[in-house]
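J.: I'd like to go over a predicted model; first the sequence, then the structure.
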Amino acid sequence: MELSESEKPSDKCPEALKDAESGTEVNRRSVLVLVGSFFAVFVTTGFLNAFGVFQEYLYAHLLSDRTEFDIAWIGSLATFLMFAAAPAPGVLLDRIGPAVPLSVGAILVPFAMFMLSLCTEYYQFVLAQGVLLGIGMSFLAIPTIAMVPKYFQQHRGLAMGATIGGSSCGGVIWPIMLDRMLNHHRLSFEWTIRIMAFTMLPLGVLSVLTVRSPAKPVSTTASGDGEDLQDDAQQQEPRKKIDFSIAKNGTFILLCIGLALTFLGLFTPLFFVTTYATALGHSASFAFYLVSIANGASLFGRIIPGILSDRYGHFNLLIIACVTSAVVALCWTAAKSAAGLVVWSLAYGFSSGAILILQAACSTQLSTPETYGTAIGLVLAAVSVTGLVGNPISGKLVPHGYLALSLYSGLSIMVGGALIGWSRVKQDKKLFAKV
């Protein structure tokens, strides 16, 4: 069987070659990149994971004249634009490095939050939270997610798990912040959002300062191998700028389609578990905490599968995560008591968290280090369309009962997982092969 692109020695970036020779990938520079990436994801996808709290609060207070279907479009639009805009920061990263796209994102995200604090009408929420915040998050999150694999080859799954773990931490902390400020301290919605914006601002600056491209190795021997590596990189640079060959890879296309179908129903339980809990008669405060519980479990669902995927294969663990998430989603309406909802939230948070971390690891596995940004950008662009329509479709299904919502979510993830399984088989037909 032919070696995959990521296994070919010539495809590894100079920093990866240097780390492979020294036997370690952990150094001050790589750790700083992990820290900056963690906080960038904390501010972006971590905040998006808290939209279930916004869904409930806006429906009960600021936008009570709107349906859940209407409000769901706000979060879906933010998710869509974060993913749909991903090719732009991804290509910029591959061409000029992370500084420019990260700076754009670090400015747009807090600015969008300040604009959100001024919103009173539905269209204003759509523009501030749906459009501006979604685009800003794309420029802040995508370069950091694509940069981490350039520093970690042997432990890519673990590194990506630590990075995407910022999303889980954000999904825990942001809803609690909202609940405490809005429902306990009785702060206004305006000042609640402004406080969150002031929290995001320094974290975005930290990401800009810490996430950098791998340094070119300097030759320390008389053989001049480091100079040869630099000369080769300079000679290949024009070709890297226009390398979109990954988009013609059949296995990569199958992965994109499978992930797109998975995302059609992946966020439905996270967005609607709060309304489901209140519909059963539970308090709004308890319902808010279910989002934090699910996202807290997803932290372990991103780190543990990340470690296992480095040993047993990224695609193998992604398929298992899809099947597990689908089964848990199909069992959604079986949870009715407070204890049952907590257990279900833990289970779904853990299994769905693995999907979000392994999608990046699988996409970079099929690409070269020079095109990591492009590959991740194309994958996220593929899931953006289904991410846009998935939750509004869920909102339309709510009047028909949450069983319909459960079936929609579970079957979408199951079909998507089947296509991802097909892309895995195309790489190696052996059942227990590490893929």
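T.: Looks like it came in fine.

J.: Going by C-alpha atoms from here, please, whenever you check contacts or count neighbours.
T.: Fine.

J.: contacting residues for residue 273?
T.: 52, 287, 290-291 (CA atoms under 8 Å, 6 or more residues apart in numbering).

J.: let's go with 10 Å and repeat that
T.: 52-53, 56, 279, 287-288, 290-291, 294, 332, 341, 345, 402 (CA atoms under 10 Å, 6 or more residues apart in numbering).

J.: How about residue 51?
T.: When contacts are taken as CA under 10 Å, 6+ apart, residue 51 is in contact with 57, 72, 74-76, 78, 171, 174-175, 270-272, 291.

J.: quick revisit: tabulate the contacts of residue 273 (CSV), appending distance to residue 213, secondary structure and neighbour count.
T.: Shown next, in CSV, are those (distance: CA to CA, whole Å; DSSP: H, G, I helix; E, B strand; the rest coil; neighbours: other CA atoms under 10 Å):
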residue, distance to residue 213, secondary structure, neighbour count
52, 35, helix, 27
53, 36, helix, 29
56, 41, helix, 23
279, 49, helix, 13
287, 42, helix, 25
288, 39, helix, 25
290, 38, helix, 27
291, 35, helix, 31
294, 33, helix, 29
332, 43, helix, 24
341, 43, helix, 21
345, 37, helix, 28
402, 46, helix, 19
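
J.: Between those, which sits nearest residue 435?
T.: residue 294 (28.3 Å; CA to CA).

J.: Relative to residue 359, how far out is the closest one?
T.: 19 Å (CA to CA, to the nearest Å).

J.: Ramachandran coordinates for residue 63?
T.: The phi and psi values for residue 63, taken as degrees, to the nearest 10, are phi -120, psi 50.

J.: Was I right to think it contacts residue 69?
T.: No: with contact defined as CA atoms under 10 Å, residue 63 does not count as touching residue 69 (11.8 Å).

J.: Next, show the common contact partners of the two.
T.: Contacts common to residue 63 and residue 69, judged by CA under 10 Å, 6+ apart, are residue 55.

J.: What's the local residue count around residue 283?
T.: 12 (other CA atoms under 10 Å).

J.: Show the pLDDT at the closest residue to it other than its chain neighbours.
T.: Residue nearest to residue 283 in three dimensions, not counting chain neighbours: residue 277, with 7.8 Å by CA to CA, 6 or more residues apart in numbering. Residue 277 carries a pLDDT value of 92.

J.: what does residue 4 give?
T.: For residue 4, pLDDT reads 44.

J.: any idea how far residue 255 is from residue 246?
T.: Taking CA to CA, one finds residue 246 at 12 Å from residue 255.

J.: Now residue 397: closest residue in space that isn't a chain neighbour?
T.: Leaving aside its sequence neighbours, residue 397 sits nearest to residue 405 (CA to CA, 6+ apart; 6.0 Å).

J.: List the contacts of the one you found.
T.: 265, 268-269, 272, 329-330, 332-333, 391, 393-399.

J.: Sort the residues you listed by pLDDT and name the bottom one.
T.: Minimum pLDDT across those falls on residue 391, with 77.

J.: Run a quick neighbour tally on it.
T.: 31.

J.: just to revisit the earlier point, please spell out the ChimeraX selection for the buried subset of the contacts of residue 405.
T.: Per 16 or more other CA atoms under 10 Å, the buried members of the contacts of residue 405 correspond to this ChimeraX selection:
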select :265,268,269,272,329,330,332,333,391,393,394,395,396,397,398
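
J.: closest to residue 305 among the contacts of residue 405?
T.: residue 329 (19.0 Å).

J.: what bits of the stretch 251-400 of the chain have low per-residue confidence?
T.: For the stretch 251-400 of the chain, no stretch has pLDDT under 70.

J.: could you redo the last one with a cut-off of 90?
T.: Within the stretch 251-400 of the chain, the segments meeting pLDDT under 90 span 267-268, 270-275, 278, 283-311, 314, 352-354, 356-361, 363-399.

J.: how about the strands in it?
T.: Under the criterion DSSP state E, counting those that start in this stretch, strands are not mapped anywhere in the stretch 251-400 of the chain.

J.: quick revisit: in what element of secondary structure is the residue nearest to residue 397 found?
T.: Assigned by DSSP states H and E, residue 405 belongs to helix 402-427.

J.: averaged over its residues, what pLDDT does that helix have?
T.: In the prediction, helix 402-427 has an average pLDDT of 94.

J.: Can you list the buried residues in that helix?
T.: 402-425, 427.

J.: roughly how far out does it sit from the chain middle?
T.: Distance of helix 402-427 from the chain centroid (CA atoms, centre = their mean, to the nearest Å) equals 18 Å.

J.: And the closest residue to residue 140 other than its chain neighbours, how close does it get to residue 83?
T.: Counting by CA to CA, 6+ apart, residue 140 lies nearest to residue 105, which is 4.3 Å off, once chain neighbours are set aside. For residue 105, the distance to residue 83 (CA to CA) stands at 14 Å.

J.: Now list whatever residues contact both of these two.
T.: 134-135, 137-139, 141-142.

J.: can I get those residues in a markdown table with distance to residue 158, secondary structure and pLDDT?
T.: Formatted as a markdown table, these follow (distance: CA to CA, whole Å; DSSP: H, G, I helix; E, B strand; the rest coil; pLDDT from 0 to 100):
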| residue | distance to residue 158 | secondary structure | pLDDT |
| --- | --- | --- | --- |
| 134 | 27 | helix | 93 |
| 135 | 27 | helix | 94 |
| 137 | 23 | helix | 94 |
| 138 | 22 | helix | 93 |
| 139 | 23 | helix | 95 |
| 141 | 18 | helix | 92 |
| 142 | 18 | helix | 89 |
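
J.: between those, which is closest to residue 315?
T.: residue 142 (20.9 Å).

J.: contacting residues around that closest one?
T.: Here residue 142 is in contact with 37, 40-41, 44, 82-83, 85-90, 93, 98, 101-102, 105, 373-374, 376-377, 380 (criterion: CA under 10 Å, 6+ apart).

J.: List only buried entries from the residues you listed.
T.: Among the contacts of residue 142, those classed as buried by 16+ other CA under 10 Å are 37, 40-41, 44, 82-83, 85-90, 93, 98, 101-102, 105, 373-374, 376-377, 380.

J.: where does the stretch 101-250 of the chain dip in pLDDT?
T.: Looking at the stretch 101-250 of the chain by pLDDT under 90, you get 120, 142, 145-146, 148-189, 212-250.

J.: Would you map the strands across it?
T.: Under DSSP E, counting those that start in this stretch, the stretch 101-250 of the chain gives no strands.
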